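>>> no FASTA, just this:
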Ligand SMILES: [Ca+2]
Ligand SMILES: [Ca+2]
Ligand SMILES: [Ca+2]
Ligand SMILES: [Ca+2]
């Protein structure tokens, strides 16, 4: 029947618009930091500031506990106080977003480790992750919704102070749907109503 056909068409329009609107807002794999060379207690990140302790930029042949990932981060630097990394400011329109990142175990000792992840100081998203020593990098993908336009940041904070922390790599923030996608759905529904009235 016709109604079913038009609903199907409207759904296709929505799916296409959501895909078209999925856009990367922020992405960092750390590989280009410091000319591609690791350094302990690194602070000169392109996209991050460090506070509340230190982190190490490692990998690429330098304390390379998980070779093949370029450079990555040891969340507990070399000053006896695990650090916090806060991203550059990010402008988010209302919509749905996914934050993805990779974490691995510390690869060195059996102590319990944790990394706390916050978006907008936790009001949009917060969670704490814990992994065992030998866990390889694993991808986490988290979804959150922004109701009103906001300028915010992402932060990762390591726990502990033994200079051996969980490892972090490949941080990506993607907008998966925005008001533009919803307005296209609206157009599809208007088209549906118009077609039915024409009969
Ligand atoms: Ca990397
Ligand atoms: Ca360290
Ligand atoms: Ca700290
Ligand atoms: Ca530790």
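Nice, I can see it. Just so it is clear, the model here is predicted, and its values are computed rather than measured. Ligands and ions are numbered 1, 2, ... in the order given.

>>> what is the neighbour count of the closest residue in space to residue 107 that isn't next to it in sequence?
Distances taken as Cβ to Cβ, 6 or more residues apart in numbering put residue 65 closest to residue 107, at 3.9 Å, once the chain neighbours are dropped. From N, CA and C alone the C-beta is placed, and that goes for glycine too. Neighbour count of residue 65, defined by other Cβ atoms under 10 Å: 16.

>>> so residue 65 touches residue 165, yeah?
No - under the criterion of Cβ atoms under 8 Å, residue 65 makes no contact with residue 165, lying 11.3 Å away.

>>> can you tell me the helix or strand for the residue nearest to residue 107?
Assigned by DSSP states H and E, residue 65 belongs to no helix or strand.

>>> how much space separates it from residue 127?
Distance, residue 65 to residue 127, using Cβ to Cβ, to the nearest Å: 24 Å.

>>> pLDDT below threshold where in the protein?
Residues of the chain that meet the criterion pLDDT under 70 lie in 1-21, 178-199.

>>> what segments of it are helices?
For the chain, the helices defined by DSSP state H occupy 2-21, 179-198.

>>> list the contacts of the residue nearest to residue 107.
By Cβ atoms under 8 Å, 6 or more residues apart in numbering, the contact list for residue 65 reads 58-59, 104, 107-108, 167.

>>> filter these to the buried ones?
58-59, 104, 107, 167 (16 or more other Cβ atoms under 10 Å).

>>> please report phi then psi for the closest residue to ligand 3 within the chain.
Evaluated by Cβ to the ion, the chain has residue 53 as its residue closest to ligand 3, separated by 3.2 Å. Taking degrees, to the nearest 10, you get phi 120, psi -160 for the backbone angles of residue 53.

>>> please renumber so the chain begins at 738
Let's use 738 as the start, then, which means that last one is residue 790.

>>> contact partners for it?
Per Cβ under 8 Å, 6+ apart, neighbours of residue 790: 813-814, 816, 818-821, 895, 898.

>>> which of the residues you listed has the most neighbours?
That'd be residue 895 among these, by other Cβ under 10 Å, with 29 neighbours.

>>> ok, it touching residue 901?
No - assessed by Cβ under 8 Å, residue 895 is found out of contact with residue 901, at 9.9 Å.

>>> how about stretch 791-799, does it reach ligand 4?
No - applying Cβ under 5 Å from the ion, one finds stretch 791-799 out of contact with ligand 4, separated by at least 12.1 Å.

>>> does ligand 1 sit close to stretch 766-779?
Yes - interface with ligand 1: stretch 766-779 contributes 766-768 (Cβ under 5 Å from the ion).

>>> give the buried residues for that stretch.
Applying 16+ other Cβ under 10 Å to stretch 766-779 flags 767, 770-771, 775, 777, 779 as buried.

>>> same question, stretch 867-882
Here stretch 867-882 shows 868, 870, 872, 874, 881 as buried, counting by 16+ other Cβ under 10 Å.
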